[in-house]
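Participant: From the sequence below, what's the structure:
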Amino acid sequence: MATRLGIIGAGLMGGGIALDAARHGLDVQVFDARPDAADALRARAQGIYARWVKSGRMSAEAADAALARIRPAPALADLADRDLIIEAVFEDLAVKREVLTALAPVLGPQTLIATNTSALKVGDLAAGFPFANRLLGLHYFSPAEIAPLVEVVRSPSTSDATIDGALVFLEETRRTALHCADRPGFAINRFFCPYYNEATRLVEDGVAGPADVDAVARERFGIAAGPFTVMNLIRPAVAAHAMANLAGLGPYYAPSAALRAQAASGADWDAAAQVPGADPDLIEARLLASLALPALELDAERVAEPADVDQGAILALKFAHGPFALMQRAGPEAVAQAVRAACARHDHPLPPPLEASRPASAVA
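Facilitator: Reported below is the predicted structural model:
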């Protein structure tokens with residue numbers, strides 16, 4: 001029997017998950033406390049399904065059937081019979097735990113709960129709840145209705161049965177699962193956020209303009225859209241918030257002053273701005289370090305398998321090569337030099353592979 005899905009939060013991510021699940025034949029109920037949320041989600045689903053019908057992605061009959069499968073839940077209690085509930089509310093620990101607290105009294109005894117958090121630790125969300133063994137992370141990427149990758153995050157409390165049930169749901173909706181340990185940023189944002197953060201540091205330092213950085217990302221790394229183009233798509237404030245969630249990982253992960261200022265301004269980056277004489281080799285080295293340093297750390301922490309991380313970068317971010325493949329292409333000497341320089345610049349500890357290879361004289 002198909003998974004009966006409940007979703008809390010009908011915004012960008014929750015709504016996208018809902019209309020995709022309905023397209024794949026699942027019965028979906030969505031709870032959102034905002035009075036206009038149900039109508040907004042229905043209008044959004046109608047618009048997206050209409051585009052898919054026009055492009056031949058689905059038939060008109062299939063679109064009508066999918067739309068009928070999305071139903072509003074007037075109260076959280078209406079989600080009690082769901083097999084899986086995905087919370088997709090604002091990315092804030094206190095907000096998400098408040099939702100889980102309200103859900104606890106009405107939660108079915110077999111219902112699985114997933115958080116769509118992009119960076120918060122699942123274990124911190126689950127702490128103290130009697131259903132902690134039934135809670136996991138299912139991190140979708142934007143736009144959730146079409147992005148093929150979902151990070152599957154196991155906290156120390158998550159049971160095998162919970163993971164198995166979530167994988168059944170992902171198979172039903174034809175998503176690729178990337179298994180991750182419960183570390184800040186999981187696998188993809190662990191390197192993607194520092195990558196665009198370093199791009200803003202290049203601008204802050206006067207080394208390059210946004211257009212210079214984007215050009216190097218495209219031409220030397222084969223990345224479809226440079227970091228400033230992407231930040232303008234997801235909004236600088238969202239980018240800054242995601243980066244701030246990683247700050248506890250060390251000095252290198254602190255959001256740049258330029259990123260914080262751009263987020264506060266509410267404006268887009270001037271993606272056409274350049275700096276005369278910008279050095280593409282220097283830009284490349286610093287961007288390489290921004291991908292390699294987090295990749296080396298997440299590998300040492302056994303967050304995810306390197307091959308899976310690289311596949312995830314291709315599926316979720318449209319990279320031509322993931323961070324581990326880029327390190328192979330650059331070579332160990334270039335990677336070590338770039339990462340050592342980044343760590344020295346920010347007083348950040350060397351990742352274990354480089355720390356282990358440090359000459360004895362450098363340790364003394």
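Participant: Sketch out the strands for this structure, chain order is fine.
Facilitator: With DSSP state E, the ranges of strands along the chain come out as 5-8, 28-31, 70-72, 84-87, 112-115, 135-140, 149-154, 176-181.
Participant: Could you dump these into a markdown table and include mean pLDDT, distance to residue 61 and mean neighbour count?
Facilitator: Bear in mind the C-beta positions are built from the backbone N, C-alpha and C, glycine included. Below are these laid out as a markdown table (pLDDT from 0 to 100; distance: least, Cβ to Cβ, whole Å; neighbours: other Cβ atoms under 10 Å):
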| stretch | mean pLDDT | distance to residue 61 | mean neighbour count |
| --- | --- | --- | --- |
| strand 5-8 | 98 | 22 | 27 |
| strand 28-31 | 98 | 18 | 24 |
| strand 70-72 | 97 | 16 | 18 |
| strand 84-87 | 98 | 26 | 25 |
| strand 112-115 | 98 | 30 | 27 |
| strand 135-140 | 98 | 27 | 25 |
| strand 149-154 | 98 | 28 | 24 |
| strand 176-181 | 98 | 28 | 19 |
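Participant: which one of these lies closest to residue 277?
Facilitator: Residue 277 lies closest, by Cβ to Cβ, to one member of the strands of the chain: strand 149-154, at 38.6 Å.
Participant: how many degrees apart are the closest one and strand 135-140 in direction?
Facilitator: With axes from the mean of the first three to the mean of the last three Cα atoms, to 10 degrees applied, the angle from strand 149-154 to strand 135-140 works out at 160 degrees.
Participant: and strand 149-154, what does it pack onto?
Facilitator: Applying 3 or more Cβ pairs under 8 Å, 6 or more residues apart in numbering; DSSP states H and E, one finds that strand 149-154 makes contact with strand 135-140, helix 160-172, strand 176-181, helix 306-317.
Participant: hmm, back to that, could the strands of the chain be laid out in CSV, adding distance to residue 302?
Facilitator: Formatted as CSV, the strands of the chain follow (distance: least, Cβ to Cβ, whole Å):
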stretch, distance to residue 302
strand 5-8, 31
strand 28-31, 35
strand 70-72, 38
strand 84-87, 26
strand 112-115, 21
strand 135-140, 16
strand 149-154, 12
strand 176-181, 6
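Participant: List the contacts of residue 40.
Facilitator: 10, 15 (Cβ atoms under 8 Å, 6 or more residues apart in numbering).
Participant: per-residue pLDDT, it?
Facilitator: pLDDT for residue 40: 97.
Participant: next one: residue 233
Facilitator: 93.
Participant: Spell out for me which residue occupies the centre of the protein.
Facilitator: The residue lying closest to the centre of the chain (Cα atoms, centre = their mean) is residue 118, at 4.5 Å.
Participant: thinking that one is in contact with residue 189, fair?
Facilitator: Yes. Using Cβ atoms under 8 Å as the test, residue 118 is close enough to residue 189 to be in contact (5.7 Å).
Participant: Touching both of the two, which residues are there?
Facilitator: Common neighbours of residue 118 and residue 189 (Cβ under 8 Å, 6+ apart) are residue 242.
Participant: so which of the helices and strands packed on strand 149-154 gets nearest residue 24?
Facilitator: Per Cβ to Cβ, nearest to residue 24 of the helices and strands packed on strand 149-154: helix 160-172, 5.9 Å.
Participant: Return the list of helices and strands in contact with the closest one.
Facilitator: Using 3+ Cβ pairs under 8 Å, 6+ apart, helix 160-172 sits against strand 84-87, strand 112-115, strand 135-140, strand 149-154, strand 176-181.
Participant: In contact with the nearest residue to residue 338 once chain neighbours are set aside, which residues are there?
Facilitator: Using Cβ to Cβ, 6 or more residues apart in numbering and skipping the chain neighbours, the partner closest in space to residue 338 is residue 289 (3.9 Å). If you count contacts by Cβ under 8 Å, 6+ apart, residue 289 has them with 198, 338, 339, 341, 342.
Participant: Looking at the residues you listed, spot the one nearest residue 76.
Facilitator: Using Cβ to Cβ, those come closest to residue 76 at residue 198, 41.2 Å.
Participant: For that closest one, grab the count of nearby residues.
Facilitator: Residue 198 has 22 neighbouring residues, counting by other Cβ atoms under 10 Å.
Participant: Kindly report the same for the one 4 residues further on.
Facilitator: Per other Cβ under 10 Å, the neighbour tally for residue 202 reads 25.
Participant: before we move on, what about residue 148?
Facilitator: Around residue 148 there are 12 residues (other Cβ under 10 Å).
Participant: Also residue 78?
Facilitator: The number of residues near residue 78, taken as other Cβ under 10 Å, comes to 15.
Participant: Out of the strands of the chain, flag the one nearest residue 315.
Facilitator: Comparing those by Cβ to Cβ, strand 149-154 comes nearest, at 4.2 Å.
Participant: the inter-axis angle of that closest one versus helix 160-172?
Facilitator: 170 degrees.
Participant: Strand 149-154: partners in the sheet, and parallel or antiparallel?
Facilitator: strand 135-140 (antiparallel), strand 176-181 (parallel) (DSSP bridges).
Participant: of these, which approaches residue 259 most closely?
Facilitator: strand 135-140 (21.4 Å).
Participant: chain center to that closest one: distance?
Facilitator: Per Cα atoms, centre = their mean, to the nearest Å, the displacement of strand 135-140 from the mean C-alpha position of its chain is 11 Å.
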